[in-house]
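In: Fold the following for me, if possible:
(2 chains)
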Amino acid sequence: MLYREAGDFKTSYRDDGQTFPIRLDRWAYYAALAVAFLIVPFIINDYWANAVFVPFLIYAIAALGLNILTGYAGQVSLGTGGFMAVGAYAVYKLMTSFPEINIVIHILLAGGITAIVGMLFGLPSLRIKGFYLAVATLAAQFFLVWLFNKVPWFYNYSASGQINAPERTILGFAVTGPATSAPAKYLICLVFAFALAWVARNLTRGMSGRKWMAIRDMDIAAEIIGVNPLTAKLSAFAVSSFFVGIAGALLFSVYLGAAEVGEAFGINKSFLVLFMIIIGGLGSIFGSFAGAAFMVLLPVLLKNLLVGGLGWPTDLAAHIELMIVGALIVFFLIAEPHGLARLWALTKEKLRLWPFPH
Amino acid sequence: MKPKLTALVVAGMMAAAPAMADLVVPNMSYRTGAYGANGTQYADGFNDYFTLLNERDGGIGGEKIQVPECETAYNTEKGVECYEATKDTGALIYNPLSTGITYQLIPKVAVDKKVLYTPGYGRTSGKNGKVFEWVFNAPANYWDGASVAIKYLLDENGGDLSGKKIALVYHNSAYGKEPIRTLQGLAEKHGFSLSEIPIDAPGQEQKSQWLQIRRDRPDYVIMYGWGVMNQAAIQEAANIRFPMENFIGIWWSGSEVDVMPVGAKADGYKALTFHGVGKDYPVYDELQEYVIDPGKASQGGEHVGSVLYSRGMYAALVISEAIRKAQELAGVSEITPEQLRDGFEQLDITPERLEELGLPDFGPEIKLSCDNHGGSGMARMQQWDAEAKAWNLISEFTEPDQEIIAPLIAEDSEAYAKEAGITPRDC
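Out: Residues are numbered from 1 along each chain as shown, chains lettered A, B, ... in the order given. Take a look at the predicted model:
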């Protein structure tokens, strides 16, 4: 009854093409932004920032990046962890080599460096597809982790091969390093997540997004109607790696503060982000956020419920938690193979008809 | 359904931090994942010693000790979550049993003012109390271990290792890379050649590395492994018929779970340790009486007396002695982390005190100060007897070669101080 287009008149093409055509959606979007930017920073504490919001936002950025490549352009990638490592080590080298330059510039540059590396490893996609491409990106994952372990220059010759993020500030507020306050940590991740989601949305509904989707749906047909597979595929790799690189840079500098490549950016990371977009929904911006929320928040929630709430032994809770998360993934994929985003879309469809479904 | 779910989510997250009084010593354990077999035993020893103090003495100085457990699965992100979840509950001290998590926590504890105690692991240069005010790694660290192992080999070879070949098989992580510099320094000093053989975590697959060892024929192999990597390495060494008595593990590669799966072929394998082994100490009678018999042992007490159990118990013992010292210095029983740090810096666990505690000759003397947070670094060698299924101590506590280690610690801690913008304290 309330949730429908009727009565919401669009008087320009611009209005007609907007992201949220329904008024209620628009309001919800603005309300979510207002809460995220104006309310959460004032009530957030260290636990909420470090265990919930910061990892959620960072993984959402990584999921957005992989979704552009896999969901929109149809190129399967198992190298996300390796590309995140490139972002992390790039920002580390930049931070320690040019301490006087603003950290935001470093993070963006780290994304740019990752984009170049991503394009390089994307070159095989011009010749190979599907499972074969997945294996090629898997090689990238292992090669990059090996490289950062092997070459001491990347970790500034430290004895243990660990990289540590020194303190950097924006407008006098520390955003990296141990003295960072919870709101500062949260806000820098939020700004990046918001800006990148906005960019992703506008890229994917514009010409480049349509090219990617054409390649995904049928590459020969796309080529015949004039889509250049070289530029389309490589641009998808570049944009995707840019996002993933920024996620890696934030994960290391803002969230973890210290990292070791094999542990923080191993193959598990690649799978985690891939699960996020499969569960969230391939080819959907909302799905990237929903998938990240599912994979990051659910384990924390279950742990707190089982250990904090019910007082179970920690190992039993940890095992049950794995089983519940696994069962839920299977359940969601059977109930809705297109992910949480599709569930959300169906809900909205039904809401439009409610309460007169026939 | 939606508001209900949201309410449930919020309730679940809020339940994370129940307020506590008493002395809170969180146990960041890992009973799951690739390293769960090792982590479980350590966590049990850690829990049981505090249970013993609570049951027998009513805590320390009349204050009960709470040991809330948090599962990290040896994963740094979960480690951060555990730290954040427990730090506002009045936690005094952290012992994460993971070098990766330790690196993450070192800068954080300095800001939050919590003590970080990393016996036998963590960042070696944490020994320098001038830079690492909140970190303690007594009684021994990775570099001490490397040096003691070489000293043992020197003794075996009449003081001369020149021309010998030693291979280091290590876990390819911050932990495994730690001893490389010390061993390189020692190789230069004593004239042996060192080859470094990394094994990627978790380390089930080591065929190619041991093929390389078979080809190079080193005289000795030193191993820095953890978890499943240990048993795989010992198995591979047995497969290539490498003489077990020339194979030396660091203390994290010397527990029952590492040698048992290999069976009789593991006989003679050696490992370092910084504490005694076996159940032949009076404290076990008391554990039996107060903890195990009443059914209060952590996870049923199935690992009592194992090497890693003893190590967890020893860590708990050092922490409890530091709490005692801190109470004595501060004159109050409910201490703050700052007072606990002072307690650690004045800590003096003499052989007599160990005997009083029911663990005669269990560990080296620990005497710390403001600038020395790592103690003497003494360690000893143990050897596996596969027939009796027991570790036997085969050397006395040995001092490491501080001539090599001290400059390395100074260098590494200075580098950290510069990187993190710390002005070293005056001590």
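In: Can you list phi and psi of the residue lying closest to A:Lys348 once chain neighbours are set aside for me?
Out: Using Cβ to Cβ, 6 or more residues apart in numbering or on different chains and skipping the chain neighbours, the partner closest in space to A:Lys348 is A:Tyr3 (7.3 Å). Every residue, glycine included, has its C-beta placed from N, CA and C. Backbone torsions for A:Tyr3, taken as degrees, to the nearest 10, come to phi -90, psi 90.
In: The closest residue to chain B within the stretch 251-358 of chain A - how many residues pack around it?
Out: The nearest approach of the stretch 251-358 of chain A to chain B comes at A:Asp315, 3.4 Å away (Cβ to the nearest Cβ). By other Cβ atoms under 10 Å in any protein chain shown, 21 other residues sit near A:Asp315.
In: same check, this time on A:Gly226
Out: That count, for A:Gly226 with other Cβ under 10 Å as the rule, works out to 8.
In: do A:Ala232 as well
Out: 23.
In: Can you tell me which helices and strands the helix or strand harbouring it packs against?
Out: Here A:Ala232 is covered by helix A:229-250, with elements defined by DSSP states H and E. If you count contacts as 3 or more Cβ pairs under 8 Å, 6 or more residues apart in numbering or on different chains; DSSP states H and E, helix A:229-250 packs onto helix A:54-66, helix A:80-97, helix A:103-122, helix A:182-204, helix A:207-217, helix A:219-224.
In: Tell me which residues of the second one come out buried.
Out: When you say that, I think you mean helix A:80-97. Neighbour-count burial for helix A:80-97, with 16 or more other Cβ atoms under 10 Å in any protein chain shown as criterion, is recorded at A:80-95.
In: Kindly report the same for the last one.
Out: Across helix A:219-224, burial judged by 16+ other Cβ under 10 Å covers A:Asp219, A:Ala222.
In: gap between it and the chain center?
Out: 29 Å (Cα atoms, centre = their mean, to the nearest Å).
In: confidence score at the residue nearest to the residue of the stretch 251-358 of chain A closest to chain B when sequence neighbours are not counted?
Out: Using Cβ to Cβ, 6+ apart and skipping the chain neighbours, the partner closest in space to A:Asp315 is B:Arg31 (3.4 Å). Note on B:Arg31: pLDDT of 92.
In: To what extent is B:Arg31 buried, counted in neighbours?
Out: 26.
In: Repeat that for B:Arg217.
Out: B:Arg217: 10 neighbours (other Cβ under 10 Å).
In: quick one: is the helix or strand following the helix holding A:Ala232 near chain B?
Out: Going down the chain from helix A:229-250, the next helix or strand is strand A:258-259, by DSSP H and E. Yes: counting by Cβ under 8 Å from any Cβ of the partner chain, chain B is contacted by strand A:258-259 at A:Ala258, A:Ala259.
In: any chance you could map the helices in the stretch 301-427 of chain B?
Out: Applying DSSP state H, counting those that start in this stretch to the stretch 301-427 of chain B gives helices spanning B:307-330, B:337-345, B:351-356, B:402-420.
In: Ok, which of the helices and strands packed on helix A:229-250 comes nearest A:Glu260?
Out: The closest of the helices and strands packed on helix A:229-250 to A:Glu260 is helix A:80-97. By Cβ to Cβ, the value is 10.2 Å.
In: list the contacts for the residue positioned nearest the centre of chain B?
Out: In chain B, the residue lying closest to the centroid (Cα atoms, centre = their mean) is B:Gly120, at 3.7 Å. By Cβ atoms under 8 Å, 6 or more residues apart in numbering or on different chains, the residues touching B:Gly120 are B:Asn137, B:Pro139, B:Ala140, B:Asn141, B:Tyr142, B:Gly145, B:Trp251, B:Trp252, B:Phe274, B:Arg311.
In: mind running it again at 7 Å?
Out: Going by Cβ atoms under 7 Å, 6 or more residues apart in numbering or on different chains, B:Gly120 touches B:Ala140, B:Asn141, B:Trp251, B:Phe274.
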